[in-house]
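S.K.: Please work out how this folds:
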Amino acid sequence: MSKDFTFAIKRICFDEEYCPSDNTRITTNFANLARGTSRQENLRNTFRMIDNRFNALAHWDNPKGDRYTVNLEIISVEMNMGGKNCDNVLPLIEILKTNIVDRKTGERIEGIVGNNFSSYVRDYDFSVLLLEHNKNQPEFTTPDDFGSLHGKLYKSFVNSDTYKANFQKQPVICLSVSSSKIYHRTANKHPVLGVEYLQDEYSLTDEYFQKMGLKVRYFMPPNSVAPLAFYFSGDLLGDYSNLELVGTISTMDTFQKIYRPEIYNANSAAGESYQPSLKHQDFSLTRIVYDREERSRLAIEQGKFVEEQFIKPYQAVLEQWSASYAP
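M.R.: Numbering: from 1, shown residues only. Okay, the predicted model is just below:
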């Protein structure tokens, strides 16, 4: 890793009092929930949904279904481009960290970092570079080395001393499955992750995350209606405890019901062969306000911000670093 690229981590509690700071990526899903006139009710209802989902999944030794509560932290990662005393700082990544409180024992159990994943460079890749590349093209293609820089930046962070000093385990990122692919149910079933699904070919997102050094498996947890995509670098089933996995599932299952109710709050569950669709009409809405159209528009604005503030000014430095980077 280049000695000139260093990382810093900032932690913010994500609770009912949370207000996005001026330098927070406002396309970040949790920041979207915390804005507007309904912000506090949005957040209160979201956290209630997460706790209820957690206790439903962690039902052993939990007769009243209220033993656990989930605390969330927003982890903001900044990358310094030129050494410790340099002002060239890029807000690189924002992820969520779960922590589980056992009300019965008073124990605080460290959860998984990752969960909801967002990054400025990813905004640039998908909302600026990919759109420009396919403008006036007869068929959809990806640019050469699409996602390569982002993947190397991510691997540089998770292999850094900064990451290792703050987190004991590697991230697990949990996202929606792709509406362009068909998923097939298998006989494999995990007590917490649920039924595993497979697909015939990777989606663009799967390939993008593969360049970050992440594999993917698809599971539909108990009482969910659609599989989730879990991206990880080690052994998803072996490296994490059931409670750690429940923390991620309850958080991201809740978020996806809010973000993509057509898929994750549908009134019927995925069958043997399943293709998600945002055009699906038979679904229920949560009571939580979320502006999906605004998020799409802001993703383009923030992608252009990265292009002007990071990609163009540091193109030569980034190309040199990327060419010599070895994880």
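
S.K.: how much space between the residue nearest to residue 117 when sequence neighbours are not counted and residue 206?
M.R.: Nearest non-adjacent residue to residue 117, counting by Cβ to Cβ, 6 or more residues apart in numbering: residue 173, 4.4 Å away. For the C-beta atoms, the positions are set from N, CA and C on the backbone; glycine is no exception. Distance, residue 173 to residue 206, using Cβ to Cβ, to the nearest Å: 12 Å.

S.K.: In terms of neighbours, single out the busier of those two.
M.R.: residue 173 (24 against 20; other Cβ atoms under 10 Å).

S.K.: give me the element the more buried one is part of.
M.R.: strand 172-176 (DSSP states H and E).

S.K.: Could you report the neighbour count for the closest residue to residue 214 other than its chain neighbours?
M.R.: In space, and not counting its chain neighbours, residue 214 is closest to residue 231: 4.1 Å by Cβ to Cβ, 6+ apart. Residue 231 is flanked by 23 other residues according to other Cβ under 10 Å.

S.K.: Count the neighbours of the closest residue to residue 67 other than its chain neighbours for me.
M.R.: Counting by Cβ to Cβ, 6+ apart, residue 104 is the residue found nearest to residue 67 once chain neighbours are left out, at 5.3 Å. Residue 104 sits with 11 neighbouring residues when counted by other Cβ under 10 Å.

S.K.: Phi and psi next, for the residue nearest to residue 214.
M.R.: phi -110, psi 130 (degrees, to the nearest 10).

S.K.: right, and residue 228 touches residue 245 too?
M.R.: No: Residue 228 is beyond contact range of residue 245, at 11.0 Å (criterion: Cβ atoms under 8 Å).

S.K.: Comparing the two, which residue is more hemmed in?
M.R.: residue 245 (26 against 23).

S.K.: dump the residue contacts of the closest residue in space to that one that isn't next to it in sequence.
M.R.: Nearest non-adjacent residue to residue 245, counting by Cβ to Cβ, 6+ apart: residue 192, 5.0 Å away. Shown in contact with residue 192 (Cβ atoms under 8 Å, 6 or more residues apart in numbering): 57, 221-222, 242, 245-246, 249.

S.K.: what about residue 192, which helix or strand?
M.R.: Judged by DSSP H and E, residue 192 forms part of no helix or strand.

S.K.: measure it to residue 266 for me?
M.R.: Residue 192 sits 22 Å away from residue 266 when distances are taken as Cβ to Cβ.

S.K.: go on, residue 78?
M.R.: 38 Å.

S.K.: So for those two, which residue has more residues nearby?
M.R.: Legend: neighbour count by other Cβ under 10 Å for residue 78 and residue 266, higher for residue 266 (20 against 16).

S.K.: Can you report phi and psi for that one?
M.R.: Dihedral angles for residue 266 - degrees, to the nearest 10 - are phi -70, psi 160.

S.K.: Now do the same contact list for it.
M.R.: By Cβ under 8 Å, 6+ apart, the neighbours of residue 266 are 225-226, 280, 282-283.

S.K.: Can you add neighbour count, distance to residue 145 and secondary structure and give those residues back as CSV?
M.R.: Formatted as CSV, the contacts of residue 266 follow (neighbours: other Cβ atoms under 10 Å; distance: Cβ to Cβ, whole Å; DSSP: H, G, I helix; E, B strand; the rest coil):
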residue, neighbour count, distance to residue 145, secondary structure
225, 17, 37, coil
226, 25, 32, coil
280, 17, 35, coil
282, 8, 41, coil
283, 17, 38, strand
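
S.K.: which one of those is nearest residue 90?
M.R.: residue 226 (34.3 Å; Cβ to Cβ).
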